[in-house]
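Visitor: after the sequence you'll find the predicted model.
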Amino acid sequence: MQQALNASGRAAPPPPMADEATDMFLTLTVADQLCGVPVLTVRDVLGHHSITRIPLAPPEVAGSLNLRGRIVTAIDLRLRLGLPPRDPATQAMSVVVEREVELYSLLADAVGDVLPLPQAQRAANPPTLDPLWREVSTGVHRLGDRLVVLLDVERILAIG
(Lines give C-alpha, C1' and ligand atoms only; values in the text may rest on other atoms or scores of the structure.)
Protein backbone atom coordinates (compact mmCIF):
# COMPACT_ATOMS: atom_id res chain seq x y z
CA MET A 1 0.00 0.00 0.00
CA GLN A 2 1.45 3.34 -1.06
CA GLN A 3 1.59 6.14 1.53
CA ALA A 4 -0.02 9.51 0.67
CA LEU A 5 2.32 12.49 0.35
CA ASN A 6 1.53 16.10 1.11
CA ALA A 7 2.48 19.07 -1.12
CA SER A 8 6.01 19.19 0.32
CA GLY A 9 6.62 15.53 -0.55
CA ARG A 10 6.53 14.34 3.07
CA ALA A 11 4.29 11.56 4.27
CA ALA A 12 0.82 12.87 5.03
CA PRO A 13 -0.56 12.11 8.49
CA PRO A 14 -3.03 9.25 8.64
CA PRO A 15 -6.68 10.29 8.49
CA PRO A 16 -8.35 10.56 11.90
CA MET A 17 -10.74 7.90 13.11
CA ALA A 18 -14.38 8.66 12.33
CA ASP A 19 -15.33 9.13 16.00
CA GLU A 20 -12.36 11.34 16.83
CA ALA A 21 -12.97 15.12 17.17
CA THR A 22 -10.75 16.81 14.60
CA ASP A 23 -10.09 20.41 13.64
CA MET A 24 -8.73 21.49 10.27
CA PHE A 25 -5.71 23.83 10.31
CA LEU A 26 -3.88 25.66 7.55
CA THR A 27 -0.16 25.33 8.21
CA LEU A 28 2.23 28.19 7.70
CA THR A 29 5.87 28.78 8.45
CA VAL A 30 7.29 31.74 10.35
CA ALA A 31 11.09 31.76 10.73
CA ASP A 32 11.28 27.96 10.29
CA GLN A 33 8.58 27.39 12.95
CA LEU A 34 5.55 25.47 11.74
CA CYS A 35 2.31 27.11 12.86
CA GLY A 36 -1.35 26.44 12.25
CA VAL A 37 -4.44 28.62 12.02
CA PRO A 38 -7.99 27.23 12.02
CA VAL A 39 -9.03 26.82 8.41
CA LEU A 40 -12.49 28.22 9.17
CA THR A 41 -10.90 31.62 9.92
CA VAL A 42 -9.10 31.75 6.55
CA ARG A 43 -10.73 33.71 3.73
CA ASP A 44 -7.91 33.63 1.17
CA VAL A 45 -4.25 32.77 0.62
CA LEU A 46 -2.25 35.17 -1.52
CA GLY A 47 1.22 35.34 -2.96
CA HIS A 48 3.26 38.53 -2.84
CA HIS A 49 1.18 41.72 -2.82
CA SER A 50 2.23 45.34 -2.81
CA ILE A 51 1.88 46.69 0.74
CA THR A 52 1.48 50.38 1.53
CA ARG A 53 2.95 51.51 4.88
CA ILE A 54 0.55 53.10 7.34
CA PRO A 55 2.05 56.14 9.12
CA LEU A 56 2.27 55.84 12.93
CA ALA A 57 1.08 52.21 12.92
CA PRO A 58 2.60 49.76 15.42
CA PRO A 59 5.69 47.93 14.07
CA GLU A 60 3.72 44.66 13.69
CA VAL A 61 1.43 46.35 11.18
CA ALA A 62 3.29 46.05 7.88
CA GLY A 63 0.73 48.26 6.13
CA SER A 64 -2.30 47.68 3.97
CA LEU A 65 -3.02 45.98 0.69
CA ASN A 66 -5.89 46.05 -1.76
CA LEU A 67 -7.79 42.80 -2.22
CA ARG A 68 -10.45 43.08 -4.91
CA GLY A 69 -11.30 46.62 -3.84
CA ARG A 70 -11.17 45.98 -0.08
CA ILE A 71 -8.50 47.41 2.17
CA VAL A 72 -6.73 44.67 4.14
CA THR A 73 -4.48 45.40 7.13
CA ALA A 74 -1.28 43.36 6.87
CA ILE A 75 0.21 41.98 10.12
CA ASP A 76 3.82 40.78 9.97
CA LEU A 77 3.80 37.55 11.98
CA ARG A 78 7.58 37.69 12.44
CA LEU A 79 7.38 41.02 14.25
CA ARG A 80 4.14 40.09 16.05
CA LEU A 81 5.85 36.98 17.43
CA GLY A 82 9.04 38.80 18.46
CA LEU A 83 11.20 37.34 15.69
CA PRO A 84 13.80 39.07 13.52
CA PRO A 85 12.48 40.75 10.38
CA ARG A 86 12.25 38.81 7.13
CA ASP A 87 15.14 39.13 4.67
CA PRO A 88 14.08 41.91 2.25
CA ALA A 89 14.83 39.59 -0.68
CA THR A 90 12.25 37.08 0.59
CA GLN A 91 8.64 37.73 -0.30
CA ALA A 92 5.95 37.01 2.27
CA MET A 93 2.76 35.13 1.61
CA SER A 94 -0.57 36.38 2.96
CA VAL A 95 -3.17 34.39 4.84
CA VAL A 96 -6.28 36.57 4.80
CA VAL A 97 -8.58 36.23 7.81
CA GLU A 98 -11.74 38.09 8.81
CA ARG A 99 -12.48 39.56 12.20
CA GLU A 100 -15.60 41.62 12.88
CA VAL A 101 -16.18 42.25 9.13
CA GLU A 102 -12.64 43.59 8.68
CA LEU A 103 -10.04 41.70 6.65
CA TYR A 104 -6.49 41.15 7.90
CA SER A 105 -3.53 39.58 6.18
CA LEU A 106 -1.15 37.49 8.29
CA LEU A 107 2.24 37.69 6.57
CA ALA A 108 4.09 34.37 6.76
CA ASP A 109 7.29 33.06 5.18
CA ALA A 110 5.44 30.14 3.56
CA VAL A 111 2.00 28.56 3.51
CA GLY A 112 1.63 24.79 3.64
CA ASP A 113 -1.20 22.29 3.65
CA VAL A 114 -4.59 22.05 5.30
CA LEU A 115 -4.27 19.26 7.86
CA PRO A 116 -6.77 17.48 10.10
CA LEU A 117 -5.39 17.67 13.65
CA PRO A 118 -7.23 15.48 16.18
CA GLN A 119 -8.11 17.31 19.38
CA ALA A 120 -7.01 14.30 21.46
CA GLN A 121 -3.43 14.75 20.21
CA ARG A 122 -3.30 18.45 21.06
CA ALA A 123 -1.19 19.50 24.04
CA ALA A 124 -1.12 22.62 26.17
CA ASN A 125 1.60 25.13 25.51
CA PRO A 126 4.88 23.84 26.94
CA PRO A 127 6.33 25.95 29.76
CA THR A 128 9.47 26.45 27.66
CA LEU A 129 7.52 28.23 24.92
CA ASP A 130 8.33 31.93 24.76
CA PRO A 131 5.77 33.95 26.81
CA LEU A 132 4.77 36.00 23.76
CA TRP A 133 4.06 32.81 21.81
CA ARG A 134 2.12 31.34 24.76
CA GLU A 135 -0.05 34.46 24.77
CA VAL A 136 -1.16 33.94 21.14
CA SER A 137 -1.23 30.13 21.01
CA THR A 138 -4.02 27.73 21.93
CA GLY A 139 -1.67 24.75 22.19
CA VAL A 140 0.71 22.59 20.20
CA HIS A 141 0.42 19.49 18.08
CA ARG A 142 3.24 17.04 17.30
CA LEU A 143 3.43 16.32 13.56
CA GLY A 144 6.13 13.75 12.94
CA ASP A 145 9.37 15.27 14.19
CA ARG A 146 8.00 18.84 14.17
CA LEU A 147 5.86 20.79 16.59
CA VAL A 148 2.96 22.82 15.18
CA VAL A 149 2.14 25.90 17.26
CA LEU A 150 -1.61 26.50 16.95
CA LEU A 151 -2.22 30.23 16.70
CA ASP A 152 -5.29 32.02 18.02
CA VAL A 153 -6.20 34.52 15.30
CA GLU A 154 -8.12 36.77 17.73
CA ARG A 155 -5.08 37.08 19.99
CA ILE A 156 -2.70 37.59 17.06
CA LEU A 157 -4.82 40.53 15.92
CA ALA A 158 -5.04 42.06 19.43
CA ILE A 159 -2.19 44.51 18.96
CA GLY A 160 -1.84 47.32 21.36
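Guide: Nice, thanks for sending it over. Since we're looking at a predicted model, the values are computed, not measured.

Visitor: pLDDT below threshold where in the protein?
Guide: Along the chain, the parts satisfying pLDDT under 70 run over 1-20, 160.

Visitor: all the helices of it, in order from the start?
Guide: With DSSP state H as the definition, the chain shows helices at residue ranges 77-80, 131-136, 153-157.

Visitor: residue 25 and residue 34 touch, don't they?
Guide: No: using C-beta atoms under 8 Å, residue 25 and residue 34 do not qualify as a contacting pair, with a distance of 10.2 Å. Any C-beta I mention is one placed from the backbone N, CA and C, and that applies to glycine too.

Visitor: who has more neighbours out of these two?
Guide: Neighbour tally, residue 25 and residue 34, criterion other C-beta atoms under 10 Å: the higher count belongs to residue 25, 25 against 18.

Visitor: show me what contacts the closest residue to residue 147 other than its chain neighbours?
Guide: If you skip the residues right next to it in sequence, residue 147 has residue 140 as its closest partner in space, 5.3 Å away by C-beta to C-beta, 6 or more residues apart in numbering. For residue 140, the contacting residues are 122, 123, 124, 125, 126, 129, 147, 148, 149, 150, by C-beta atoms under 8 Å, 6 or more residues apart in numbering.

Visitor: partner residues bridging residue 140?
Guide: Beta-bridge partners of residue 140, counted by DSSP bridges, are residue 123, residue 149.

Visitor: now do it against residue 68, distance only.
Guide: Here the criterion is C-beta to C-beta, to the nearest Å. By it, residue 140 lies 35 Å from residue 68.

Visitor: do the same with residue 108
Guide: As for residue 108, its distance to residue 68 is 21 Å (criterion: C-beta to C-beta).
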